[in-house]
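Chemist: Starting from these lines, generate the structure:
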Amino acid sequence: MKVKKPVYGGQAVVEGVMFGGKHQTVTAIRRKDESIEYFYLPRKSKPSLQKLKHIPFLRGIIAIIESSANGAQHLNFASERYDLDPNEDTKIVEKPASKTSMILGVAVIGVLSFIFAKFFITLIPVFLAELTKPIFPGKYAQILIEGLFKLALVLIYIYSISLTPMIKRVFQYHGAEHKVINTYENNLELTVDNVQSQSRLHYRCGSSFILFTIIVGVFIYTLVPTDPLWLRVVDRILLIPVVLGVSFEVLQITNKVRHIPILKYLGYPGLWLQLLTTKEPDDDQVEVAIASFHELLKLEEICSNEKQLIR
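Modeler: As a prediction, this is how the structure comes out:
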């Protein structure tokens, strides 16, 4: 009987990579002296939320909120320390507020940032599409034009930020993250050579999720009116959780069928977008990603053993 392997995810941060498992999340970053430093954040979830994670469509919303909150804390750690000389660590002054308050503050900012970005990406195309109404007055034409504007907005934004040196390196670490996950899932030893031989694309990537929200949105918006404009705007806002929830399920489905001929092509649009959001990493970046993943595996094993002892 084939043993099902645990599913791990991650994200790129400034000069490093974060990986998350069932119990822990770990970030490894490369410091200015070439050393690797780690940041650990246990996964803590209320029992009520754990139950919601088993409900299709709702589980996607919970996963997104948790990912945004946890990811913001890892990004904050990396941004504060990557460019600071280790000899100057003492210059990082702790704020008077409690550590718990600081962590909650960063988490809330992460969630709010995601919500703000989603509103921006959702509503701007609505007004742009409205301007084309004299040329494309039909409901379905308007929805399609809106989707095209949304896609163009996303592509232009990603391409623009990818031109900056810092974001280019973050995208390289994003590629390193995918390569490590692909190496693990293909049952290969986590060496630099093995990791570098793998694809920098992965079906479960958040970039794919972004693209699916655009595609899924086009279909869902056909169920509601586009006139008048105020109702169109209200509908788009109210449907944000629906689009996110359905898109999450689509992402999970494309991952499950990625090894099935013909069906594997369902995930290709998301993979194409990853050609923009990932770059080929160098060996030093891969080393950081491997170190982060090894640290996560070690902590996950410790947590699993502790839970078995408690039972």
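
Chemist: Residue 191 is in contact with residue 283, correct?
Modeler: No: taking contacts as Cβ atoms under 8 Å, residue 283 lies outside contact range of residue 191: 10.6 Å. Using the backbone N, CA and C atoms, a C-beta is placed for each residue, glycine as well.

Chemist: And the residue lying farthest from the centre of the chain, how far from residue 147?
Modeler: Relative to the centre of the chain, the most outlying C-alpha is that of residue 134, 38.0 Å out, by Cα atoms, centre = their mean. Distance of residue 134 to residue 147, given as Cβ to Cβ, to the nearest Å: 19 Å.

Chemist: try residue 7
Modeler: Plainly put, residue 7 is 30 Å away from residue 147 if you go by Cβ to Cβ.

Chemist: got it, and residue 81?
Modeler: With Cβ to Cβ as the criterion, residue 81 and residue 147 are 40 Å apart.

Chemist: and what of residue 154?
Modeler: Distance from residue 154 to residue 147, counting by Cβ to Cβ: 11 Å.

Chemist: shared neighbours, these two?
Modeler: residue 214 (Cβ atoms under 8 Å, 6 or more residues apart in numbering).

Chemist: At which residues are the helices of the stretch 151-300 of the chain located?
Modeler: Along the stretch 151-300 of the chain, counting by DSSP state H, counting those that start in this stretch, helices occupy 165-185, 192-196, 206-221, 229-238, 240-256, 268-277, 283-310.

Chemist: Show the contacting residues for the closest residue to residue 35 other than its chain neighbours.
Modeler: Counting by Cβ to Cβ, 6 or more residues apart in numbering, residue 86 is the residue found nearest to residue 35 once chain neighbours are left out, at 6.5 Å. Residue 86 makes contacts with 31-33, 35, 37, as judged by Cβ under 8 Å, 6+ apart.

Chemist: Low-confidence regions, the stretch 201-311 of the chain specifically.
Modeler: Residue ranges of the stretch 201-311 of the chain with pLDDT under 70: 306-311.

Chemist: let's see it at 80
Modeler: Residues of the stretch 201-311 of the chain meeting the criterion pLDDT under 80: 304-311.

Chemist: Now do the closest residue to residue 277 other than its chain neighbours against residue 290, distance only.
Modeler: Excluding its sequence neighbours, the residue lying closest to residue 277 (Cβ to Cβ, 6+ apart) is residue 207, at 4.2 Å. From residue 207 across to residue 290, the span is 22 Å (Cβ to Cβ).

Chemist: Take the helices of the stretch 151-300 of the chain and lay them out in a markdown table including distance to residue 262 and mean neighbour count.
Modeler: Converted to a markdown table, those look like this (distance: least, Cβ to Cβ, whole Å; neighbours: other Cβ atoms under 10 Å):
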| stretch | distance to residue 262 | mean neighbour count |
| --- | --- | --- |
| helix 165-185 | 21 | 22 |
| helix 192-196 | 29 | 17 |
| helix 206-221 | 18 | 21 |
| helix 229-238 | 33 | 14 |
| helix 240-256 | 12 | 19 |
| helix 268-277 | 11 | 18 |
| helix 283-310 | 32 | 17 |
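
Chemist: Compute the distance between the closest residue to residue 143 other than its chain neighbours and residue 212, please.
Modeler: Nearest residue to residue 143, sequence neighbours excluded (Cβ to Cβ, 6+ apart): residue 221, at 4.8 Å. Distance of residue 221 to residue 212, given as Cβ to Cβ: 14 Å.

Chemist: which residues does residue 41 contact?
Modeler: Per Cβ under 8 Å, 6+ apart, neighbours of residue 41: 24-26, 70, 73-74.

Chemist: helix/strand/coil for it?
Modeler: Secondary structure, DSSP: H, G, I helix; E, B strand; the rest coil: residue 41 is strand.

Chemist: Check residue 29 too.
Modeler: strand.

Chemist: low pLDDT regions in the stretch 51-200 of the chain?
Modeler: 51-54, 60, 68-69, 82-119.

Chemist: what's the burial count for residue 67?
Modeler: Residues within reach of residue 67, counting by other Cβ atoms under 10 Å, total 19.

Chemist: ok, the residue nearest to residue 28 when sequence neighbours are not counted to residue 27 distance?
Modeler: Excluding the flanking residues, the one nearest residue 28 by Cβ to Cβ, 6+ apart is residue 292, at 3.5 Å. Per Cβ to Cβ, residue 292 is found 6 Å from residue 27.
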